[in-house]
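Peer 1: Structure of the sequence below:
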Amino acid sequence: MVDTLFFVHPDEDAAADLAAYYSALGWNVATSGPLATDALDRVALSNPVAAVFCLTGTCIDEVHALAGCILGDDRLRRPLMVFVGGSDEEIAMARSDTPYAVFVSQEELPWVLKRLVAKY
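Peer 2: Predicted coordinates:
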């Protein structure tokens, strides 16, 4: 498998854990915090098949802004947008900005990404 997953997570340790887990499964992985000034450039450089956004923490507005920028960036093919966790209000806000995204719990994420591979 050569496809890349890009994880946007406000907690660097949690992002590293996700990256290690999916890397061990054969994915290329990249991560960024939502507050990183180069986050969009890092996403564009990795050109992921899926961008996975964690809806926890205090950076929800930045997560939404980055997701919107990814959708509007001409350097990127449109990756699958996956949002993990979040309150009902946070999910509703993200859904209004990215209506074609997938919203899952942490436990559902491996299932969704496994199905992504099956599409190819």
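
Peer 1: Now do the helices in the chain.
Peer 2: 12-24, 39-46, 60-72, 88-97, 109-119 (DSSP state H).

Peer 1: Among those, which comes closest to residue 30?
Peer 2: Judged by Cβ to Cβ, the one of those that comes nearest to residue 30 is helix 39-46, at 4.2 Å. Yep, even glycine has a C-beta here, placed from its N, CA and C like the rest.

Peer 1: What residues sit buried inside that closest one?
Peer 2: Across helix 39-46, burial judged by 16 or more other Cβ atoms under 10 Å covers 39, 40, 43, 44, 46.

Peer 1: report the angle between the axes of it and helix 60-72?
Peer 2: Relative orientation of helix 39-46 versus helix 60-72 (axes from the mean of the first three to the mean of the last three Cα atoms, to 10 degrees): 40 degrees.

Peer 1: Could you list every helix and strand in contact with helix 39-46?
Peer 2: On a contact count with 3 or more Cβ pairs under 8 Å, 6 or more residues apart in numbering; DSSP states H and E, helix 39-46 meets strand 4-8, strand 28-32, helix 60-72.

Peer 1: How far does it sit from its chain's centre?
Peer 2: Between the centre of helix 39-46 and the centre of its chain there are 12 Å (Cα atoms, centre = their mean, to the nearest Å).

Peer 1: And stretch 23-31, by the same measure?
Peer 2: Distance, centroid of stretch 23-31 to centroid of chain: 13 Å (Cα atoms, centre = their mean).

Peer 1: So what touches it?
Peer 2: Applying Cβ atoms under 8 Å, 6 or more residues apart in numbering, the contact partners of stretch 23-31 are 1-9, 12, 15-16, 18-19, 22, 42-43, 45-46, 48, 113.

Peer 1: Buried residues, that stretch. List them.
Peer 2: Under 16+ other Cβ under 10 Å, the buried positions of stretch 23-31 are 27, 28, 29, 30, 31.

Peer 1: repeat for stretch 104-120
Peer 2: Quick answer for stretch 104-120 (16+ other Cβ under 10 Å): 104, 109, 112, 113, 116.

Peer 1: For the fourth one, give me its contacts.
Peer 2: Shown here is residue 113, whose contacts under the criterion Cβ under 8 Å, 6+ apart are 5, 22, 27, 50, 52, 82.
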